[in-house]
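K.L.:
pasting the sequence and the predicted model now:
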Amino acid sequence: MEPKGTMPPAEGAGMPSMMRQMMEKMGGGGDFNPAAMCQAMMTSVGKSAELAAYATPEVRTLFEEWARSVQDEVLATLKSRGPLDLAELASALKISPESALFFLAKLVREGKATIGAVQATRA
């Protein structure tokens, strides 16, 4: 049984198309590139800030509720399955590793999760 709110990637039910497109762009395929991910996230943050000026309070609240829901899923997955690497976590949540890292980093900053190991790539 999947955690509440988990959706198959092909369906994307309930996820605004802009968010789905951003997640697909960040997923991109190939090897994980932290510099490219950071650049994509900063671009997304800039676009989000620009859009926030036009978003209604209701839209902002809906986004925040969705983000909290994903964070809760990340935490529930870590608690139920134990330590996972980033690819395993992303796969369990049916999101890209970059998106999983985004939510994991937020949980780490809040003191709700820890990162136990980091290593250099083979490249």
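P.N.:
Thanks, I have it. Fair warning: this is a prediction, and the values are worked out from it, not measured in the lab.
K.L.:
show me the shaky parts of the chain.
P.N.:
When residues are selected by pLDDT under 70, those of the chain lie in 1-39, 41, 48-49, 51-52.
K.L.:
try it again at 50.
P.N.:
Filtered on pLDDT under 50, the chain yields the residue ranges 1-13, 15, 29.
K.L.:
which helix runs longest in it?
P.N.:
Here the longest helix in the chain is taken by residue count, with DSSP state H as the criterion, and it is helix 57-81.
K.L.:
which helices and strands does that helix pack with?
P.N.:
With contacts defined as 3 or more Cβ pairs under 8 Å, 6 or more residues apart in numbering; DSSP states H and E, the secondary structure elements packing on helix 57-81 are helix 86-93, helix 97-109. C-beta: built from backbone N, CA, C; applies to glycine.
K.L.:
wait, which of these is closest to residue 115?
P.N.:
Each of the helices and strands packed on helix 57-81 was scored for nearness to residue 115 using Cβ to Cβ, and the closest is helix 97-109 (6.0 Å).
K.L.:
out of the helices and strands packed on helix 57-81, flag the one nearest residue 74.
P.N.:
For residue 74, the closest of the helices and strands packed on helix 57-81 is helix 97-109, at 4.9 Å, according to Cβ to Cβ.
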